[in-house]
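1. Turn this into a structure:
(one chain, ligands or ions: 2)
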Amino acid sequence: MLIVLSGPSGVGKGTVRQAMMADSFKDFKYSVSMTTRTPRPGEKDGVDYYFRTKEQFQQHIADGEMLEWARYVNNFYGTPLGPVNKTLDEGQDVLLEIEVNGAMQVREKCPDGVFIFLTPPDLQELKQRIEKRGTDDAATILKRMEKARNEIKMMENYDYAVVNDKVDLAVKRIESIITSEHNRVPRVIDRYRKMIGVK
Ligand SMILES: Nc1ncnc2c1ncn2[C@@H]1O[C@H](COP(=O)(O)OP(=O)(O)OP(=O)(O)O)[C@@H](O)[C@H]1O
Ligand SMILES: Nc1nc2c(ncn2[C@@H]2O[C@H](COP(=O)(O)O)[C@@H](O)[C@H]2O)c(=O)[nH]1
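-> Ligands and ions are numbered 1, 2, ... in the order given. Below is the predicted model of the structure:
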(Lines give C-alpha, C1' and ligand atoms only; values in the text may rest on other atoms or scores of the structure.)
(Ligands and ions follow the chains in the order given, each with its own letter.)
Protein backbone atom coordinates (compact mmCIF):
# COMPACT_ATOMS: atom_id res chain seq x y z
CA MET A 1 0.00 0.00 0.00
CA LEU A 2 1.26 3.48 -0.83
CA ILE A 3 0.68 5.94 2.01
CA VAL A 4 1.17 9.65 1.50
CA LEU A 5 1.58 11.83 4.57
CA SER A 6 1.36 15.57 3.92
CA GLY A 7 0.82 18.65 5.99
CA PRO A 8 2.45 22.02 6.52
CA SER A 9 6.13 22.27 7.30
CA GLY A 10 6.68 21.96 11.05
CA VAL A 11 3.38 20.21 11.79
CA GLY A 12 5.32 17.12 12.90
CA LYS A 13 5.24 14.72 9.94
CA GLY A 14 8.79 13.50 10.56
CA THR A 15 8.24 13.23 14.31
CA VAL A 16 5.03 11.23 13.88
CA ARG A 17 6.55 9.01 11.18
CA GLN A 18 9.55 8.18 13.36
CA ALA A 19 7.26 7.36 16.29
CA MET A 20 5.17 5.09 14.04
CA MET A 21 8.19 3.27 12.72
CA ALA A 22 9.64 2.82 16.20
CA ASP A 23 6.32 1.39 17.38
CA SER A 24 3.95 -1.02 15.68
CA PHE A 25 4.57 -0.04 12.05
CA LYS A 26 8.17 -1.25 11.81
CA ASP A 27 7.61 -2.89 8.43
CA PHE A 28 7.03 0.35 6.61
CA LYS A 29 9.54 1.46 4.09
CA TYR A 30 10.09 5.21 4.30
CA SER A 31 10.73 6.76 0.90
CA VAL A 32 13.85 8.94 1.20
CA SER A 33 13.26 12.12 -0.81
CA MET A 34 15.67 14.08 -2.94
CA THR A 35 16.22 17.79 -2.31
CA THR A 36 18.40 20.69 -3.36
CA ARG A 37 18.24 22.31 0.07
CA THR A 38 21.31 22.48 2.30
CA PRO A 39 21.51 19.71 4.92
CA ARG A 40 20.57 20.76 8.46
CA PRO A 41 23.02 19.91 11.25
CA GLY A 42 22.90 16.14 11.79
CA GLU A 43 21.11 15.35 8.52
CA LYS A 44 22.78 12.58 6.51
CA ASP A 45 22.79 12.05 2.76
CA GLY A 46 20.79 8.93 1.87
CA VAL A 47 19.10 8.80 5.28
CA ASP A 48 17.22 12.09 5.74
CA TYR A 49 17.36 13.11 2.08
CA TYR A 50 19.43 12.58 -1.02
CA PHE A 51 21.08 16.00 -1.14
CA ARG A 52 21.71 17.02 -4.74
CA THR A 53 22.57 20.17 -6.73
CA LYS A 54 19.87 21.87 -8.80
CA GLU A 55 21.57 20.60 -11.98
CA GLN A 56 21.63 17.01 -10.72
CA PHE A 57 17.98 17.25 -9.62
CA GLN A 58 16.88 18.57 -13.01
CA GLN A 59 18.77 15.74 -14.72
CA HIS A 60 16.84 13.17 -12.61
CA ILE A 61 13.58 14.83 -13.72
CA ALA A 62 14.68 14.83 -17.37
CA ASP A 63 15.61 11.14 -17.10
CA GLY A 64 12.09 10.28 -15.85
CA GLU A 65 13.40 9.08 -12.50
CA MET A 66 11.02 11.02 -10.25
CA LEU A 67 7.54 9.88 -9.18
CA GLU A 68 6.76 13.50 -8.32
CA TRP A 69 8.58 16.72 -7.61
CA ALA A 70 7.82 20.26 -6.51
CA ARG A 71 9.45 23.58 -5.76
CA TYR A 72 9.15 24.57 -2.14
CA VAL A 73 10.58 27.85 -0.76
CA ASN A 74 13.36 28.18 -3.40
CA ASN A 75 14.34 24.51 -3.46
CA PHE A 76 13.34 21.37 -5.31
CA TYR A 77 12.00 18.31 -3.49
CA GLY A 78 10.98 15.01 -5.05
CA THR A 79 10.42 11.28 -4.70
CA PRO A 80 12.73 8.91 -6.58
CA LEU A 81 10.52 6.46 -8.48
CA GLY A 82 12.75 3.34 -8.47
CA PRO A 83 12.77 2.58 -4.72
CA VAL A 84 8.98 3.14 -4.45
CA ASN A 85 8.25 0.67 -7.28
CA LYS A 86 10.69 -1.87 -5.84
CA THR A 87 9.12 -1.72 -2.35
CA LEU A 88 5.58 -2.05 -3.71
CA ASP A 89 6.64 -4.96 -5.97
CA GLU A 90 8.03 -6.69 -2.88
CA GLY A 91 4.60 -6.36 -1.24
CA GLN A 92 5.68 -3.90 1.42
CA ASP A 93 3.99 -0.65 2.46
CA VAL A 94 5.75 2.54 1.47
CA LEU A 95 5.34 5.89 3.19
CA LEU A 96 5.92 9.19 1.40
CA GLU A 97 6.27 12.34 3.49
CA ILE A 98 5.76 15.15 0.99
CA GLU A 99 4.14 18.55 0.45
CA VAL A 100 0.76 19.02 -1.24
CA ASN A 101 1.71 19.72 -4.89
CA GLY A 102 3.76 16.55 -5.00
CA ALA A 103 0.99 14.63 -3.25
CA MET A 104 -1.50 15.68 -5.94
CA GLN A 105 0.87 14.36 -8.65
CA VAL A 106 1.02 11.03 -6.80
CA ARG A 107 -2.78 11.00 -6.53
CA GLU A 108 -3.01 11.23 -10.33
CA LYS A 109 -0.53 8.39 -10.84
CA CYS A 110 -1.53 6.15 -7.91
CA PRO A 111 -5.26 6.64 -7.18
CA ASP A 112 -5.22 3.57 -4.88
CA GLY A 113 -2.88 5.31 -2.45
CA VAL A 114 -3.99 6.46 0.98
CA PHE A 115 -3.68 10.22 1.38
CA ILE A 116 -3.42 11.57 4.92
CA PHE A 117 -3.16 15.25 5.85
CA LEU A 118 -1.58 16.03 9.21
CA THR A 119 -2.89 19.26 10.72
CA PRO A 120 -1.65 21.46 13.57
CA PRO A 121 -4.03 22.28 16.45
CA ASP A 122 -3.80 25.93 15.23
CA LEU A 123 -1.47 28.21 13.24
CA GLN A 124 0.12 29.78 16.31
CA GLU A 125 1.20 26.35 17.54
CA LEU A 126 2.54 25.57 14.05
CA LYS A 127 4.71 28.72 14.08
CA GLN A 128 5.97 27.89 17.56
CA ARG A 129 6.95 24.39 16.43
CA ILE A 130 8.95 25.74 13.47
CA GLU A 131 10.59 28.36 15.70
CA LYS A 132 11.38 25.84 18.41
CA ARG A 133 12.92 23.45 15.89
CA GLY A 134 15.48 26.22 15.26
CA THR A 135 16.33 25.24 11.68
CA ASP A 136 14.99 28.27 9.79
CA ASP A 137 15.68 32.01 9.87
CA ALA A 138 12.85 34.53 10.40
CA ALA A 139 12.32 35.17 6.67
CA THR A 140 12.10 31.45 5.88
CA ILE A 141 9.67 30.90 8.76
CA LEU A 142 7.39 33.59 7.29
CA LYS A 143 7.54 31.90 3.86
CA ARG A 144 6.79 28.49 5.40
CA MET A 145 3.82 29.97 7.31
CA GLU A 146 2.49 31.57 4.12
CA LYS A 147 2.83 28.20 2.37
CA ALA A 148 1.06 26.53 5.33
CA ARG A 149 -2.10 28.58 4.79
CA ASN A 150 -2.27 27.52 1.14
CA GLU A 151 -1.50 23.90 2.00
CA ILE A 152 -4.30 23.74 4.57
CA LYS A 153 -6.69 24.89 1.80
CA MET A 154 -5.68 21.75 -0.12
CA MET A 155 -6.77 19.43 2.71
CA GLU A 156 -10.06 18.71 0.93
CA ASN A 157 -8.13 16.69 -1.66
CA TYR A 158 -7.04 14.13 0.94
CA ASP A 159 -8.79 11.03 2.26
CA TYR A 160 -8.11 11.66 5.95
CA ALA A 161 -7.22 14.58 8.21
CA VAL A 162 -5.35 13.84 11.43
CA VAL A 163 -4.66 16.43 14.11
CA ASN A 164 -1.17 16.28 15.58
CA ASP A 165 -1.97 17.66 19.00
CA LYS A 166 -0.03 14.95 20.84
CA VAL A 167 2.40 12.71 18.96
CA ASP A 168 1.16 9.46 20.53
CA LEU A 169 -2.47 10.31 19.72
CA ALA A 170 -1.62 11.25 16.12
CA VAL A 171 0.26 7.95 15.74
CA LYS A 172 -2.76 5.98 17.02
CA ARG A 173 -5.09 7.80 14.62
CA ILE A 174 -2.85 7.08 11.64
CA GLU A 175 -2.36 3.47 12.67
CA SER A 176 -6.11 2.95 12.84
CA ILE A 177 -6.55 4.47 9.36
CA ILE A 178 -3.89 2.16 7.94
CA THR A 179 -5.36 -0.91 9.61
CA SER A 180 -8.80 -0.10 8.17
CA GLU A 181 -7.35 0.56 4.73
CA HIS A 182 -5.57 -2.80 4.77
CA ASN A 183 -8.94 -4.44 5.40
CA ARG A 184 -10.86 -2.70 2.63
CA VAL A 185 -12.56 -5.29 0.45
CA PRO A 186 -10.84 -4.32 -2.85
CA ARG A 187 -7.48 -4.91 -1.14
CA VAL A 188 -8.31 -8.39 0.23
CA ILE A 189 -10.77 -9.83 -2.28
CA ASP A 190 -8.16 -11.11 -4.75
CA ARG A 191 -6.85 -13.62 -2.22
CA TYR A 192 -10.35 -15.08 -1.80
CA ARG A 193 -11.06 -15.09 -5.53
CA LYS A 194 -8.00 -17.32 -5.99
CA MET A 195 -9.12 -19.52 -3.06
CA ILE A 196 -12.53 -20.22 -4.57
CA GLY A 197 -11.31 -20.31 -8.15
CA VAL A 198 -13.16 -17.20 -9.38
CA LYS A 199 -11.39 -14.68 -11.60
N1 LIG B 1 2.56 16.88 18.78
C2 LIG B 1 3.58 17.72 18.93
N3 LIG B 1 3.60 18.57 19.99
C4 LIG B 1 4.64 19.44 20.16
N5 LIG B 1 5.70 19.55 19.34
C6 LIG B 1 5.73 18.73 18.26
C7 LIG B 1 4.68 17.77 18.01
N8 LIG B 1 4.99 17.10 16.88
C9 LIG B 1 6.17 17.59 16.44
N10 LIG B 1 6.62 18.56 17.28
C11 LIG B 1 7.84 19.37 17.14
O12 LIG B 1 7.63 20.26 16.05
C13 LIG B 1 8.86 20.47 15.33
C14 LIG B 1 8.62 20.15 13.85
O15 LIG B 1 8.44 18.74 13.72
P16 LIG B 1 8.92 17.96 12.41
O17 LIG B 1 10.30 18.39 12.04
O18 LIG B 1 8.65 16.53 12.67
O19 LIG B 1 7.88 18.56 11.36
P20 LIG B 1 7.70 18.24 9.80
O21 LIG B 1 6.27 18.35 9.51
O22 LIG B 1 8.38 16.97 9.47
O23 LIG B 1 8.51 19.44 9.16
P24 LIG B 1 9.11 19.58 7.68
O25 LIG B 1 8.02 19.33 6.74
O26 LIG B 1 9.57 21.01 7.65
O27 LIG B 1 10.24 18.62 7.56
C28 LIG B 1 9.91 19.61 15.99
O29 LIG B 1 10.69 20.41 16.86
C30 LIG B 1 9.09 18.57 16.77
O31 LIG B 1 9.77 18.12 17.92
N1 LIG C 1 6.76 17.20 -3.08
C2 LIG C 1 7.66 16.81 -2.19
N3 LIG C 1 7.79 17.43 -1.01
C4 LIG C 1 8.69 16.98 -0.14
C5 LIG C 1 9.49 15.87 -0.40
N6 LIG C 1 10.29 15.65 0.67
C7 LIG C 1 9.98 16.57 1.58
N8 LIG C 1 9.01 17.38 1.11
C9 LIG C 1 8.36 18.50 1.79
O10 LIG C 1 9.07 19.70 1.62
C11 LIG C 1 8.77 20.60 2.68
C12 LIG C 1 10.04 21.15 3.26
O13 LIG C 1 10.84 20.15 3.84
P14 LIG C 1 12.06 20.51 4.80
O15 LIG C 1 12.74 19.20 5.08
O16 LIG C 1 12.93 21.48 4.09
O17 LIG C 1 11.48 21.12 6.04
C18 LIG C 1 8.00 19.77 3.71
O19 LIG C 1 6.60 20.06 3.58
C20 LIG C 1 8.29 18.36 3.30
O21 LIG C 1 7.26 17.44 3.65
C22 LIG C 1 9.32 15.21 -1.65
O23 LIG C 1 9.97 14.21 -1.99
N24 LIG C 1 8.41 15.71 -2.50
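2. Got the domain ranges for this structure?
-> Here the domain parsing of the chain from automatic domain parsing is 1-28+93-199, 32-92.
3. So for ligand 1, which of the ones you listed sits nearest?
-> Among the domains of the chain, the nearest to ligand 1 by C-beta to the nearest ligand atom is domain 1-28+93-199 (2.8 Å). For the C-beta atoms, the positions are set from N, CA and C on the backbone; glycine is no exception.
4. sorry, back to before: just put the domains of the chain in TSV and tack on distance to ligand 1 and mean neighbour count.
-> Below are those laid out as TSV (distance: least, C-beta to the nearest ligand atom, whole Å; neighbours: other C-beta atoms under 10 Å):
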stretch	distance to ligand 1	mean neighbour count
domain 1-28+93-199	3	16
domain 32-92	9	14
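5. so can I have JSON lines of these showing mean pLDDT?
-> As requested, the domains of the chain are exported to JSON lines (pLDDT from 0 to 100):
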{"stretch": "domain 1-28+93-199", "mean pLDDT": "94"}
{"stretch": "domain 32-92", "mean pLDDT": "97"}
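6. Would you convert those domains into JSON lines that also reports distance to ligand 2?
-> Conversion of the domains of the chain to JSON lines gives the following (distance: least, C-beta to the nearest ligand atom, whole Å):
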{"stretch": "domain 1-28+93-199", "distance to ligand 2": "2"}
{"stretch": "domain 32-92", "distance to ligand 2": "3"}
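7. and the gap between the residue nearest the centre of the chain and Ile61?
-> Residue closest to the average C-alpha location in the chain (C-alpha atoms, centre = their mean): Glu97, at 1.6 Å. Using C-beta to C-beta, to the nearest Å, Glu97 is found at 20 Å from Ile61.
8. which residues of this structure fall in strands?
-> Here the chain has its strands, by DSSP state E, at 2-6, 29-30, 34-35, 50-51, 66-72, 75-80, 94-97, 114-119, 160-163.
9. Just put the ones you listed in JSON lines and tack on distance to Glu43.
-> Formatted as JSON lines, the strands of the chain follow (distance: least, C-beta to C-beta, whole Å):
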{"stretch": "strand 2-6", "distance to Glu43": "19"}
{"stretch": "strand 29-30", "distance to Glu43": "14"}
{"stretch": "strand 34-35", "distance to Glu43": "10"}
{"stretch": "strand 50-51", "distance to Glu43": "8"}
{"stretch": "strand 66-72", "distance to Glu43": "16"}
{"stretch": "strand 75-80", "distance to Glu43": "14"}
{"stretch": "strand 94-97", "distance to Glu43": "14"}
{"stretch": "strand 114-119", "distance to Glu43": "21"}
{"stretch": "strand 160-163", "distance to Glu43": "25"}
